[in-house]
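Novice: Here is my input, please return the structure:
(one chain, ligands or ions: 1)
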Amino acid sequence: MGKEAKFDTLDGSNVKVGIVAARWNDKYTYSLVEGCRESLVECNVKAENITGIFVPGAYEVPLGAKHLLDTTDVDVVVAVGCLIKGATMHFEYICEAVSQGIMRLNLDYGKPVIFGILTCLNEEQAQERSIGEHNHGIGWGKTAVEMVLLQQKKIGM
Ligand code: RBF
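Specialist: Below is the predicted model:
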């Protein structure tokens, strides 16, 4: 049993993906978006079927995701942000609000909104999880395609 999800080969050639990413901590979020895009391409998602938007910070990500769901025909949204704990309580409030907001969209819209939010205690954690071999964006892209195929009943157990 592994700690991380393993993915079968996924055919995303008919999957439309939205990506909403925060510009706060852009050194990390831009790399996460790149990782996500690379894995989408690997799953045969067509470039013209990927719509990306940026929002200022993680707090704005759920509304950005809602905007994509309301105004485009995406099957899934990957919500990308990177929260790094500071000296005040901001981190805790934003983490809570964003995770609740993203889950609410999943259940309200019945479409997958992937939780691509890093919640890090320091810069080192953010770096490790967003840049290089362990870029979490790669897994988020694959998760997006898998969840759409599941809904389209193209895969099962
Ligand atoms: N946005 C992030 O995406 N990541 C952060 O680590 C982050 N930290 C913040 C810390 C403080 C003290 C403040 C005021 C904002 C922070 N934000 C962060 C921005 C937040 O998500 C949002 O864009 C702004 O609060 C405006 O709604």
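
Novice: Return the residues of this structure in contact with the ligand.
Specialist: Counting by CB under 6 Å from any ligand atom, the residues of the chain close to the ligand are 22, 24-25, 56-60, 81-84, 86, 88, 90, 94. Using the backbone N, CA and C atoms, a C-beta is placed for each residue, glycine as well.

Novice: any idea which of these is closest to His136?
Specialist: Cys82 (9.8 Å; CB to CB).

Novice: quick one on the thing from earlier: could you list which of the residues of the chain next to the ligand belong to helices?
Specialist: Mapping the residues of the chain next to the ligand onto helices (DSSP state H) picks out His90, Ile94.

Novice: Show me how to select, in ChimeraX, the buried members of the residues of the chain next to the ligand.
Specialist: Selecting only the buried entries of the residues of the chain next to the ligand in ChimeraX, with 16 or more other CB atoms under 10 Å as the criterion:
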select :22,24,25,57,58,59,60,81,82,83,84,94
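
Novice: With respect to the ligand, which of the residues of the chain next to the ligand is nearest?
Specialist: Gly57 (2.2 Å; CB to the nearest ligand atom).

Novice: which stretches of the chain form helices?
Specialist: 26-42, 61-71, 90-109, 123-130, 136-151.

Novice: Show me what counts as buried in the last one.
Specialist: Using 16+ other CB under 10 Å as the burial criterion, the residues of helix 136-151 that qualify are 136-149.

Novice: Under the pLDDT cut-off, which ranges of this protein? List them.
Specialist: 1 (pLDDT under 70).

Novice: try 90
Specialist: 1-5, 8, 153-157 (pLDDT under 90).

Novice: ok, so what distance separates Gly116 from the ligand?
Specialist: Remark: distance between Gly116 and the ligand (CB to the nearest ligand atom, to the nearest Å) = 12 Å.
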